[in-house]
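Novice: pasting the structure only:
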């Protein structure tokens with residue numbers, strides 16, 4: 001099982017290949033980006049658990065990459081370790097002021113970098129900042145975002161859940177189920193890239209539950225698009241036989257098998273215009289009820 005996803009942003013192929021080989025051997029899933037623009041694109045496509053970021057890049061410096069990541073709501077939580085040849089106090093301060101989590105200077109000790117990477121990822125998970133399977137914000141970050149949202153003038157909260165996910169995990173196993181969770185996170189991000197804005201927020205609230213914070217005007221389109229794409233693309237996670245018959249057989253007590261429908265996505269929406277809300281619990285309860293009504297009407 002992967003220890004997490006690392007994005008290495010480094011234009012020196014010798015260093016990037018060394019880091020890719022080393023961290024892959026340590027059990028991480030490693031992606032390499034030789035340019036800053038590539039890093040921003042890859043981060044949107046598949047959120048990493050951590051970014052190792054060189055400051056000197058051919059198209060834009062690491063400071064600009066970090067600034068873009070930190071000012072985009074969906075990527076602002078990702079731990080960043082700066083990697084550079086410079087060892088000046090001013091450069092370290094500049095990186096830390098932009099929100100970098102750590103700083104290591106070339107030539108570096110690979111074991112020291114490994115410990116810094118592991119500690120940064122563990123710290124984010126320990127503080128309930130990210131879900132280790134999807135890399136999405138969780139726990140405290142979701143609560144903070146909802147508190148900011150409720151103070152805004154125009155917003156929408158989407159409560160998303162996957163029906164029949166437990167049945168899928170029972171039949172296909174935990175590895176396949178985690179693949180579905182990651183696939184769903186990527187799908188949501190792709191839809192927001194097209195129909196949302198950089199200020200939209202996606203969180204993994206636990207299990208098969210996700211939330212989106214977006215503008216009220218965009219919410220219906222985003223809901224329809226993610227439901228439509230999920231219904232089409234989730235089929236690739238099932239075997240040919242299960243796709244053809246439209247259900248799976250789940251073992252039950254006594255050795256018998258029960259039919260379970262294939263997974264679908266249910267979404268509830270609450271908007272700022274739906275009422276005056278005293279706290280975030282009122283909003284989340286209303287969104288969950290709207291999602292349950294979506295389940296009932298499916």
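Specialist: On my side now, so go ahead. This structure is a prediction, so every number in the text was calculated from the model and none was measured. Numbers count the residues shown, from 1 in each chain.

Novice: please make it C-alpha for all contacts and neighbour counts, starting now.
Specialist: Will do.

Novice: disregarding residues adjacent in the polypeptide, which is nearest to residue 20?
Specialist: Residue nearest to residue 20 in three dimensions, not counting chain neighbours: residue 30, with 5.7 Å by Cα to Cα, 6 or more residues apart in numbering.

Novice: hmm, that neighbour is touching residue 9, no?
Specialist: No: assessed by Cα atoms under 8 Å, residue 30 is found out of contact with residue 9, at 10.7 Å.

Novice: quick one, which of the two is more surrounded?
Specialist: Using other Cα atoms under 10 Å as the criterion, residue 30 and residue 9 rank with residue 9 on top: 28 against 22.

Novice: any idea how far the more buried one lies from residue 217?
Specialist: Distance of residue 9 to residue 217, given as Cα to Cα, to the nearest Å: 36 Å.

Novice: so where does the residue nearest to residue 20 fall, helix or strand?
Specialist: Element membership for residue 30, per DSSP states H and E: strand 29-33.

Novice: that strand packs against which elements?
Specialist: strand 5-9, helix 13-25 (3 or more Cα pairs under 8 Å, 6 or more residues apart in numbering; DSSP states H and E).

Novice: the inter-axis angle of the first one versus strand 29-33?
Specialist: Strand 5-9 and strand 29-33 meet at an angle of 20 degrees, taking axes from the mean of the first three to the mean of the last three Cα atoms, to 10 degrees as the criterion.

Novice: packing partners of strand 5-9?
Specialist: Counting by 3+ Cα pairs under 8 Å, 6+ apart, strand 5-9 packs on helix 13-25, strand 29-33, helix 36-45, strand 50-54.

Novice: let me see the mean pLDDT of that strand.
Specialist: What strand 5-9 shows for mean pLDDT is 95.

Novice: each with direction, which strands does that strand pair with?
Specialist: strand 29-33 (parallel), strand 50-54 (parallel) (DSSP bridges).

Novice: and those: which comes nearest residue 229?
Specialist: Nearest to residue 229, of all the strands paired with strand 5-9, is strand 29-33, at 25.6 Å by Cα to Cα.

Novice: any residues touching the closest one, and which ones?
Specialist: With Cα atoms under 8 Å, 6 or more residues apart in numbering as the test, strand 29-33 has contacts from 2-11, 16, 20, 23-24, 39, 42.

Novice: how about 10 Å then?
Specialist: 1-11, 13, 16-17, 19-24, 38-43, 46, 48-53 (Cα atoms under 10 Å, 6 or more residues apart in numbering).

Novice: show the buried residues in those.
Specialist: 3-11, 16, 19-20, 22-24, 39-40, 42-43, 46, 48-53 (16 or more other Cα atoms under 10 Å).
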